[in-house]
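With the sequence up front, the predicted model follows.
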Amino acid sequence: MIEYPEIIENEQHLEEMLSQPSDELVEMMRTIEGDFIFLGVAGKIGVSMARMAKKACDIAQVNKRLVGVARFSDATQRDLLEESGIETIKGDLLDIDFVKSLPEIKNVVFLAGMKFGTDGNESFTWAMNSYLPGLIVERFKNSKIVAFSTGCVYPLATITSGGCKEIDAAGPVGEYAQSCLGRERLFEFGSIKNNTPVVIIRLNYAVEPRYGVLVDIARKIYNEETIDLTMGYANVIWQGDANDMILRSIQFCESPAKHLNISGPEIISVEEVANRLGELLDKPVKLQGKQADTALLINVTESQKILGTRKVSVDQVLKWTASWIENDNRLLGKPTHFEVRDGKY
């Protein structure tokens, strides 16, 4: 059983928390066949996820080869992985020859993608989000693949609907979301063509004290800025819980590809979260606009059936986030733009 502290002391403490495996993940590593490769490991989620896999293997007392692949523009991420016992390979995943040179590994976690700055950089966005998946699903056609996607492939949903389900039709708004649906379609095509077991993860939204929807709201409150309520609702999940659930989803890869929505079980109200953060930060809350009847929402009933639900509550993450910002700890500086309704990120 994972025990959680009242306050996250520093980034080292945070990294350890984000990479702490559940008992269920440890048991999976004890029984699952094959090694793991993490493609695009140097993003917001990959380092903590790969380290979680390593910790789970150590606790289970199994020896697996774990490989992280990325450009590693930030060398400290590569150092942290290697210090943790994870092999790294540096290179550009858009380079076909580099992709062909990667080792044959049974379990693939595909984390690469482009979101920030996509408006005005559309061709690179499509290359990362749609072209690259086609390369990967062909290169690793003999593997099992967990592929990151996003709830942005769905249309906006009414609050009363409970969010979009995996069986609902896609309806991406804007080029970023359209390119993400392209990613899914390429993985689906490869899964059918080569009988490759794939699970596509539609994630909304992973949060931690340096990044995420809750940080975006908290920073505005701390700086006494006004919060627009138009996109008034969202789904969030503690990144440590997301890491754990996504790693365990490798057990449910199928051909044709399976889709799984991953997030917390509740729909959060931006207004309620803002007021709670105002209390925690002892700051006034400035709100404008009216909450629309629709938002970008997913329903996680299906994933809860097979993976269980998140372990960390939203209120606990709010407490951690407020104390993190009050203590002027480092943020990633990458706003989620969760409030965007026209798909222009």
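Cool, the structure landed.

what's the average pLDDT for stretch 93-102?
The average pLDDT within stretch 93-102 is 98.

From what I see, residue 243 and residue 17 are in contact.
No: using C-beta atoms under 8 Å, residue 243 is not in contact with residue 17; the gap is 10.6 Å. To be clear about C-beta, it is placed using only N, CA and C from the backbone, and glycine gets the same treatment.

Neighbour count for these two, which is higher?
The neighbour comparison of residue 243 against residue 17 (other C-beta atoms under 10 Å) goes to residue 243, with 26 against 20.

Find the helix or strand that the more buried one is a member of.
helix 239-248 (DSSP states H and E).

other SSEs contacting that helix?
Judged by 3 or more C-beta pairs under 8 Å, 6 or more residues apart in numbering; DSSP states H and E, helix 239-248 is in contact with helix 11-18, helix 23-31, helix 46-60, strand 144-150, strand 198-203, strand 206-207, strand 258-262, helix 301-307.

Residue 317: which of the ones you listed is closest?
Residue 317 sits nearest to strand 206-207 of all the helices and strands packed on helix 239-248, at 5.9 Å, using C-beta to C-beta.

shouldn't residue 4 be in contact with residue 316?
Yes: contact status for residue 4 versus residue 316: in contact at 6.7 Å, counting by C-beta under 8 Å.

got the angle between the longest helix anywhere in the chain and strand 144-150?
Taking DSSP state H as the assignment, the helix of the chain that covers the most residues is helix 174-194. Calculated by axes from the mean of the first three to the mean of the last three C-alpha atoms, to 10 degrees, helix 174-194 forms an angle of 160 degrees with strand 144-150.

And residue 111, how far from residue 47?
Residue 111 sits 10 Å away from residue 47, going by C-beta to C-beta, to the nearest Å.

which residues do the two both contact?
Any residue near both residue 111 and residue 47 by C-beta atoms under 8 Å, 6 or more residues apart in numbering counts here, and that gives residue 41.

Ranking helices and strands of this structure by mean pLDDT, which lands last?
helix 122-126 (a mean of 92; mean pLDDT, DSSP states H and E).

what's that helix packed up against?
helix 174-194.

so what's the residue lying farthest from the centre of the chain up against?
Distance from the C-alpha centroid of the chain, by C-alpha atoms, centre = their mean, peaks at residue 284 (30.9 Å). If you count contacts by C-beta under 8 Å, 6+ apart, residue 284 has them with 224, 278.

Please identify the helix or strand for it.
For residue 284, there is no enclosing helix or strand under DSSP H and E.

if I look at it, how far off is residue 320?
Applying C-beta to C-beta to residue 284 and residue 320 gives a distance of 22 Å.

Please read off the pLDDT at the closest residue to residue 211 other than its chain neighbours from the model.
Nearest non-adjacent residue to residue 211, counting by C-beta to C-beta, 6 or more residues apart in numbering: residue 332, 4.3 Å away. Looking at residue 332, its pLDDT reads 89.

Could you check how far residue 332 is from residue 125?
Counting by C-beta to C-beta - residue 332 and residue 125 are separated by 20 Å.

For the two, indicate the residue with more neighbours.
Legend: neighbour count by other C-beta under 10 Å for residue 332 and residue 125, higher for residue 125 (24 against 12).

where does this structure have low pLDDT?
Low-confidence segments of the chain (pLDDT under 70): 1-2, 116-119, 345.

cutoff 90 now
1-4, 6, 43-44, 114-122, 174-175, 332-345 (pLDDT under 90).

need the contact list for the closest residue to residue 301 other than its chain neighbours.
Leaving aside its sequence neighbours, residue 301 sits nearest to residue 165 (C-beta to C-beta, 6+ apart; 7.2 Å). Counting by C-beta under 8 Å, 6+ apart, residue 165 makes contact with 261, 298, 299, 301, 302.

and residue 165, backbone torsions?
phi -100, psi 160 (degrees, to the nearest 10).

Can you get me a residue count around the spatially closest residue to residue 254 that is not a sequence neighbour?
In this structure, residue 254 finds its nearest non-sequential neighbour in residue 197, 5.7 Å apart by C-beta to C-beta, 6+ apart. Counted with other C-beta under 10 Å, residues neighbouring residue 197 total 17.
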